[in-house]
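Undergrad: Requesting a structural model of the entry that follows:
(2 chains)
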Amino acid sequence: GNSVTQMEGPVTLSEEAFLTINCTYTATGYPSLFWYVQYPGEGLQLLLKATKADDKGSNKGFEATYRKETTSFHLEKGSVQVSDSAVYFCALSAVSGGSYIPTFGRGTSLIVHP
Amino acid sequence: DAGVIQSPRHEVTEMGQEVTLRCKPISGHDYLFWYRQTMMRGLELLIYFNNNVPIDDSGMPEDRFSAKMPNASFSTLKIQPSEPRDSAVYFCASSLENTEAFFGQGTRLTVV
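TA: Prediction:
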């Protein structure tokens, strides 16, 4: 079946540090890949996405590149801010039983200190 | 569009009581998902609908849980009877085929 594996947290960084959150996936066919962010007390919201191999998704300084050869979609940001503190979920959308079903990783908590 | 709307935002109930969670998906979306989020298990898919038809309910934990989607703009998740271990945040999400899912704000359920 389809699955997403992302690094366990929490990830603790100082403001302006470089961020990488690793994500690898297993899927049949050609999935679309997503990163979602969840702020405290809120639902998940889409951060960025990529729909085919070598596509780069980007938003708010975050980037991730769809790497088919390594089945990876790592999230990066060059300089994090305190306001980036949240839980980040890697996800894919692929056919499962005839329907496109989103599959989520466990989430990685990011804590950014001033 | 106002996004996916869930109600109530918070629910506190006593063990044994019936609980009904409600969801209004984004207009035009043909998929609707119910998730449960806990610290222990993370985000779990409970059930999903395609064009108002339940497709896969294998994630529903027990027969105490049931979900309906009587029309394209409304869905309910019911727990009867509720138990303390059902305490969690329940999310509804909707999407078009093979696109990102849009989540509601969630319902925080506490069963005492």
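Undergrad: For the residue nearest to the spatial centre of chain B, which residues are in contact?
TA: Central residue of chain B (C-alpha atoms, centre = their mean): B:Trp34, 3.5 Å from the mean position. Shown in contact with B:Trp34 (C-beta atoms under 8 Å, 6 or more residues apart in numbering or on different chains): B:23, B:45-48, B:67, B:75, B:77, B:90-92. Bear in mind the C-beta positions are built from the backbone N, C-alpha and C, glycine included.
Undergrad: Repeat that for B:Ala88.
TA: B:36-38, B:109.
Undergrad: Mark which of those are part of strands, please.
TA: B:36-38, B:109 (DSSP state E).
Undergrad: Go through these and say which is closest to chain A.
TA: B:Gln37 (8.8 Å; C-beta to the nearest C-beta).
Undergrad: Could you tell me how many residues sit around the closest one?
TA: Other residues within reach of B:Gln37 by the criterion other C-beta atoms under 10 Å in any protein chain shown amount to 20.
Undergrad: did I read that right, B:Arg85 in a helix?
TA: Yes. Applying DSSP: H, G, I helix; E, B strand; the rest coil, one finds B:Arg85 inside a helix.
Undergrad: Tell me the confidence at it?
TA: For B:Arg85, the pLDDT comes out at 96.
Undergrad: Check chain A for the residue nearest chain B and tell me.
TA: A:Gly43 (3.5 Å).
Undergrad: phi, psi of the residue nearest to that residue when sequence neighbours are not counted?
TA: Nearest residue to A:Gly43, sequence neighbours excluded (C-beta to C-beta, 6 or more residues apart in numbering or on different chains): B:Phe103, at 3.5 Å. Dihedral pair for B:Phe103: phi -100, psi 150, per degrees, to the nearest 10.
Undergrad: residue contacts, B:Leu96?
TA: B:28-31.
Undergrad: can you rerun that using 10 Å?
TA: By C-beta atoms under 10 Å, 6 or more residues apart in numbering or on different chains, the contact set of B:Leu96 is A:100, B:26, B:28-31, B:102.
Undergrad: Filter those down to the buried ones, PyMOL style.
TA: Applying 16 or more other C-beta atoms under 10 Å in any protein chain shown to the contacts of B:Leu96, the buried members can be selected in PyMOL as follows:
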select buried, (chain A and resi 100) or (chain B and resi 26+29+31+102)
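Undergrad: Let me have the contacts of B:Leu96 in JSON lines, extended by secondary structure.
TA: Shown next, in JSON lines, are these (three-state DSSP):
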{"residue": "A:Tyr100", "secondary structure": "strand"}
{"residue": "B:Ile26", "secondary structure": "coil"}
{"residue": "B:Gly28", "secondary structure": "coil"}
{"residue": "B:His29", "secondary structure": "coil"}
{"residue": "B:Asp30", "secondary structure": "coil"}
{"residue": "B:Tyr31", "secondary structure": "strand"}
{"residue": "B:Phe102", "secondary structure": "strand"}
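Undergrad: Now do A:Ala94: how many residues are near it, please.
TA: Using other C-beta under 10 Å, A:Ala94 has 21 other residues around it.
Undergrad: Return the distance of the spatially closest residue to it that is not a sequence neighbour relative to B:Asn51.
TA: Nearest non-adjacent residue to A:Ala94, counting by C-beta to C-beta, 6+ apart: A:Pro31, 3.8 Å away. Distance of A:Pro31 to B:Asn51, computed by C-beta to C-beta, to the nearest Å: 22 Å.
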